[in-house]
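Asks: model this:
(chains A and B)
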Amino acid sequence: MAHEELTQSSPHAEATEQELVQRVQAGDATAFDALFRQCCSKVFHQATRFLGNAAEAEEVVQEVFLAVYEKAHTFRGDATFTTWLFRLTANASLSRLRRRKRSKEVAMEEYLPQFRPDGHHLVRPVVDWSANLEERLADAQLQQLLRQAIELLQPLDKAVLVLSDFEDLSNKEIGEALGLTVPAVKARLHRARLFLRGQLAVAFGYSPA
Amino acid sequence: MAESVPSRAMCEQATALLLDYVTSALDPAITLVLEKHLSRCDDCVAFLQTYKETIRATRTLRYDEMPEELQHRLLHTLHAKMRGAHPQ
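Replies: Okay, the predicted model is just below:
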């Protein structure tokens, strides 16, 4: 394959991802470049959210697009190309997360809600700090805190959260991407959100319970 | 995750339903029971508000954009790797 830099006047500029992948499958070298330019930011963003840093996300982008090049012929169009790409990115990122030595284990349960034997909240009253959070949404310190809390999630919980709350995939699509049932996706997503809520509650000086 | 709520729902069961409740994916009959519980439980209303706001905060979280220079560099690196690779 010859790989020429694409210009803005590329004949692929208006092509959809689906059309481009079909051209890649047919051996069109320039279509690969166009596909990369069209989709690399999406992959980079998703990988950054998974991994928490740009350096590893960069490596995932390379890994994913090399896989696209090598496996384009296996893409059958059952799912959209974007879903296929999300799946490749999620799996490449998850492999890295699982290889990581976790420097600091956090007891997840400490940040989840707790209840009395009769089913009521353990710590009452539950304080509504949502207005504090809304006011501070643009605050860099708060954003950093939330990013760090996401980093503490277990790999698969983080993967589900990223695909749901950042990529807006449905629970069914997430299940297909990660090999999970829909109830398993929902359970992990709920636990991840409860954990983040607990981390924020503590940051605001309240009990997560 | 709980699939049903008894008529006198308690907070633990209500909390387990929030994922579906915030996306209106909960069965209408269960929604009614949950909303009845919420109407008389300030703790669960506060919990629901903070749960919803946490989701909103997560969704609005910003990460660095991919620099143009990085796109060029990665494409060059990929070209080099692709010369040594072949479609399977």
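Asks: from here on, contacts and neighbour counts on C-alpha atoms
Replies: Fine.
Asks: give me every residue in chain B lying close to chain A.
Replies: Residues of chain B lying near chain A by C-alpha under 8 Å from any C-alpha of the partner chain: B:1, B:10-13, B:19, B:42-44, B:46-47, B:49-51, B:53-55, B:57-66, B:71, B:74-75, B:77-79, B:81-83, B:85-88.
Asks: hmm, which of the residues you listed are the buried ones?
Replies: Buried members of those, counted by 16 or more other C-alpha atoms under 10 Å in any protein chain shown: B:10-13, B:19, B:42-44, B:46-47, B:49-51, B:53-55, B:57-59, B:61-62, B:66, B:71, B:74-75, B:78-79, B:82.
Asks: residue nearest the centroid of chain B?
Replies: B:I55 (5.9 Å; C-alpha atoms, centre = their mean).
Asks: buried stuff in the helix or strand hosting A:L200?
Replies: Counting by DSSP states H and E, the element that carries A:L200 is helix A:182-203. Residues A:182, A:185-201 are the ones in helix A:182-203 that count as buried (16+ other C-alpha under 10 Å).
Asks: ditto for stretch A:124-144
Replies: Under the neighbour-count criterion of 16+ other C-alpha under 10 Å, stretch A:124-144 has A:126-130, A:133, A:137, A:142-143 buried.
Asks: would you mind confirming that the residue nearest to the centre of chain B is in contact with A:R193?
Replies: Yes - taking contacts as C-alpha atoms under 8 Å, B:I55 lies within contact range of A:R193: 6.9 Å.
Asks: report the distance from the lowest-mean-pLDDT helix or strand in chain A to the chain centre.
Replies: Within chain A, no helix or strand scores below helix A:17-25, which has a mean of 86 by mean pLDDT, DSSP states H and E. Centroid separation between helix A:17-25 and its chain, computed with C-alpha atoms, centre = their mean, to the nearest Å, is 24 Å.
Asks: show me what that helix is packed against.
Replies: Packing partners of helix A:17-25 (3 or more C-alpha pairs under 8 Å, 6 or more residues apart in numbering or on different chains; DSSP states H and E): helix A:29-51, helix A:81-99.
Asks: out of those, which is closest to chain B?
Replies: Across the helices and strands packed on helix A:17-25, chain B has its closest neighbour in helix A:29-51 (5.9 Å, C-alpha to the nearest C-alpha).
Asks: that closest one vs chain B: in contact?
Replies: Yes - contact between helix A:29-51 and chain B, assessed by C-alpha under 8 Å from any C-alpha, occurs at A:33, A:36-37, A:40-41, A:44-45, A:48-49.
Asks: now do the phi/psi pair for A:L169.
Replies: phi -80, psi 150 (degrees, to the nearest 10).
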